[in-house]
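In: Sequence and predicted model, in that order:
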Amino acid sequence: MAEQKIQAPKGVSEYVPPRSAAFEFVRESLIEPARKAGYQLIELPVFEDTELFTRGVGESTDVVSKEMYTFQDRGNRSITLRPEGTAGVMRAVIEHGLDRGQLPAKLWYSGQFFRAERPQAGRYRQFYQVGIEAIGLDDAAIDAEVIAIADAGFKSIGLTKYRLEITSLGDAQSRAAHRVDLVKFISSMSLDEATSARAALNPLRLFDDKRAEIKEAMAKAPLLADYLNESSRAHFEQVKKYLDVLGISYILNPRMVRGLDYYTGTTFEFVHELLGAQSGIGGGGRYDGLMAELGGQALSGIGFGLGVDRALLAAEAEGVINENSFASDLFIIPLGEAAKEMAMRIAGELRAAGKSVEIAFGDRALKGAMKGADKSGARYVIVLGDSEISSTTVELKEMKTGATSSVKIASLIKAI
RNA sequence: GUGGACGUAGCUCAGCUGGUAGAGCACCCGGUUGUGGUCCGGGAUGUCGCGGGUUCGAGCCCCGUCGUUCACCCCA
């Protein structure tokens, strides 16, 4: 009697062949622009001291207050599965003194993150993000470069149907001034209990409400953009200028709301048009107070997190993923024991030379093995049997055209 | 956390007013000795998500549960 099947935990995203190849392509595409810009890998634990997030991300945020996977470990420490990447990076930067060298410290990461939300299209309890952080300098050019790197990643996947929204949340001073007026404005609205509770937590949230009547009411609400002090405003103007220079189009969204408390100044979001309710494929911004809050120097930083799962969904929605680009160069079909040994030797040599090579295992009949070669999508196929071994020559067949040519085994490397 | 829809072979799904399961694709074998994608023939495959209830009898009805999905909320 078979045991009960064990299923994956609720809401996790898993990638198995053939889709895993597309996932890998998307993830690598998102990372590559960061590498090219001199960002270096930082590999961090997926669990951290809970306090890192309550202090770093902010206790009032939904992410911290109701979406964290938190548990006691065997030493009674409170541990949390990371719900986002920036806080952990800052912790490691401080802990390893990366802020003591040349600034900015430029780092990239990639991995799983965890949020205990109700799953939905594009929203998972374990999901993948690629992110970068540039820490230690307040130069507006860095803001623009960070945005450009994210944009380059999406472009290299082949995405076109997305938009970049930007705004500035200003510095603490600007925000405080705006908040006073916004709270005053909101108090004049009549709101249901849940909504006013949300507004009490973070009044900016109401800018994001999807209900028509709230949208209408909020149309006249004071905008943070109008409260920026001179230095915040000047910084943001510079950022926009650099984006123009880079030819990156954006739209200003002074009503943008971000869910993490640490954002200040330049803030941005990439939104895809073909996705459902979860349409944000990436976002980020500057954070002035985070490092000091975590016990480090008072340095500013800026970074982003890009959703690999959602970028893949977006790529599939746009139909820009080409499955065949993940196939092997050569497929070898050995007939007989001697041929099998030779096939493995040849495969080893070609692989060492950078080619991707597969072998038909299991002593399949030729017809079945050819089918396997066809399914694999391999560009070329060769059949290895006694006559090929004695003549040291094989018929190299190009699967797509069916054309064959005689090639010395020793010259295969040049032929494929 | 709230609300709606769904859960039948590996995949996509059909299954009439309840009478003990089917299609297409995929997979395996073959269509005379060593070359795939088309065509033809044959074959394997399911505790109908799980548990309980109603019934002479349930894939079809009821309850629960797990999961998926869509929206809210939130965000990547």
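Out: Structure's in. What do you need?
In: In chain A, what residue comes closest to RNA strand B?
Out: Nearest residue of chain A to RNA strand B: A:Gly259, at 1.3 Å (Cβ to the nearest atom of the strand). Any C-beta I mention is one placed from the backbone N, CA and C, and that applies to glycine too.
In: Make sure that residue is actually in contact with A:Val63.
Out: Yes - using Cβ atoms under 8 Å, A:Gly259 is in contact with A:Val63, at 5.9 Å.
In: is RNA strand B contacted by the helix or strand bottoming out on mean pLDDT in chain A?
Out: In chain A, the helix or strand scored least confidently by mean pLDDT, DSSP states H and E is helix A:193-201, which has a mean of 80. Yes - judged by Cβ under 7 Å from any atom of the strand, helix A:193-201 and RNA strand B are in contact via A:Arg198.
In: List the contacts of that helix.
Out: A:60, A:186, A:191, A:205-206, A:209, A:214 (Cβ atoms under 8 Å, 6 or more residues apart in numbering).
In: repeat for stretch A:67-79
Out: Contacts for stretch A:67-79 (Cβ under 8 Å, 6+ apart): A:47-51, A:53, A:80-81, A:83, A:114-117.
In: and with 6 Å instead?
Out: A:47, A:50, A:80-81, A:83, A:114-117 (Cβ atoms under 6 Å, 6 or more residues apart in numbering).
In: and that stretch, how far from the chain's centre?
Out: Here the centre of stretch A:67-79 is set off from its chain's centre by 26 Å, with Cα atoms, centre = their mean, to the nearest Å.
In: how does chain A divide up, domain by domain?
Out: A:19-162+A:250-318, A:327-415 (automatic domain parsing).
In: and among those domains, the most buried is which?
Out: domain A:19-162+A:250-318 (a mean of 19; mean count of other Cβ atoms under 10 Å).
In: same question for that domain, mean pLDDT?
Out: In this model, domain A:19-162+A:250-318 carries a mean pLDDT of 94.
In: What is the end-to-end distance of that domain?
Out: With Cα to Cα, to the nearest Å applied, domain A:19-162+A:250-318 spans 15 Å between its terminal residues.
In: Name the member of the contacts of helix A:193-201 that has the highest neighbour count.
Out: With neighbours taken as other Cβ atoms under 10 Å, the top of the contacts of helix A:193-201 is A:Leu206, carrying 23 neighbours.
In: secondary structure element for the spatially closest residue to A:Phe326 that is not a sequence neighbour?
Out: Nearest residue to A:Phe326 in three dimensions, chain neighbours excluded: A:Ala21, at 3.9 Å (Cβ to Cβ, 6 or more residues apart in numbering). A:Ala21 belongs to helix A:19-36 when elements are defined using DSSP states H and E.
In: swap in A:Ile94?
Out: Assigned by DSSP H and E, A:Ile94 falls in helix A:86-95.
In: who's in contact with that helix?
Out: For helix A:86-95, the surrounding residues in contact (Cβ under 6 Å, 6+ apart) are A:44, A:48, A:52-53, A:56-57, A:82, A:99, A:105, A:107, A:133, A:135, A:290-291, A:294, A:296, A:303.
In: anything in that helix near RNA strand B?
Out: No - judged by Cβ under 7 Å from any atom of the strand, helix A:86-95 and RNA strand B are separated, with a smallest distance of 8.7 Å.
In: how much does whichever helix or strand comes after that helix deviate in direction from helix A:19-36?
Out: Next in sequence after helix A:86-95, counting helices and strands by DSSP H and E, comes strand A:105-114. Angle of strand A:105-114 versus helix A:19-36, following axes from the mean of the first three to the mean of the last three Cα atoms, to 10 degrees, is 160 degrees.
In: counting contacts, what elements does strand A:105-114 pack onto?
Out: Other helices and strands packing on strand A:105-114, by 3 or more Cβ pairs under 6 Å, 6 or more residues apart in numbering; DSSP states H and E, are strand A:126-135.
In: So which elements touch the strand it packs on?
Out: helix A:19-36, strand A:105-114, strand A:301-307, helix A:308-318.
In: Remind me what the first one packs against, helices and strands.
Out: What that stands for is helix A:19-36. Applying 3+ Cβ pairs under 6 Å, 6+ apart, one finds that helix A:19-36 contacts strand A:126-135, helix A:140-157, helix A:308-318.
In: got the ones you listed as a markdown table, with distance to RNA strand B columns?
Out: Output for the helices and strands packed on helix A:19-36, formatted as a markdown table (distance: least, Cβ to the nearest atom of the strand, whole Å):
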| stretch | distance to RNA strand B |
| --- | --- |
| strand A:126-135 | 3 |
| helix A:140-157 | 10 |
| helix A:308-318 | 4 |
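In: ok, and which of the contacts of stretch A:67-79 reach RNA strand B?
Out: Filtering the contacts of stretch A:67-79 for proximity to RNA strand B by Cβ under 7 Å from any atom of the strand leaves A:115, A:117.
In: so of the contacts of stretch A:67-79, which ones are in helices?
Out: Secondary structure from DSSP state H places A:Thr50 of these in helices.
In: pretty sure A:Ile382 is touching A:Glu398, no?
Out: No - using Cβ atoms under 6 Å as the test, A:Ile382 is too far from A:Glu398 to be in contact (10.8 Å).
In: on that earlier part again, what helix or strand is the residue of chain A closest to RNA strand B on?
Out: Using DSSP H and E, A:Gly259 sits within no helix or strand.
In: any idea how far it is from A:Leu294?
Out: A:Gly259 sits 19 Å away from A:Leu294, going by Cβ to Cβ, to the nearest Å.
In: A:Leu44 too?
Out: For A:Leu44 relative to A:Leu294 (Cβ to Cβ), the value is 14 Å.
In: Now tell me what touches stretch A:25-45 from outside.
Out: Contacts of stretch A:25-45 (Cβ under 6 Å, 6+ apart): A:88, A:92, A:106-110, A:130, A:132, A:149, A:152-153, A:156-157, A:306, A:308, A:311-312, A:315.
In: typed the wrong thing, it's stretch A:102-116
Out: So stretch A:102-116 is contacted by A:31, A:34, A:38-40, A:42, A:67, A:69, A:81-83, A:85, A:89, A:93, A:98-99, A:126-137 (Cβ under 6 Å, 6+ apart).
In: what's the answer for stretch A:250-269, then?
Out: Contacts of stretch A:250-269 (Cβ under 6 Å, 6+ apart): A:57-58, A:61, A:63, A:143, A:147, A:164-169, A:171, A:204-205, A:207-208, A:223, A:225, A:239, A:243, A:280, A:283, A:285-288, A:290.
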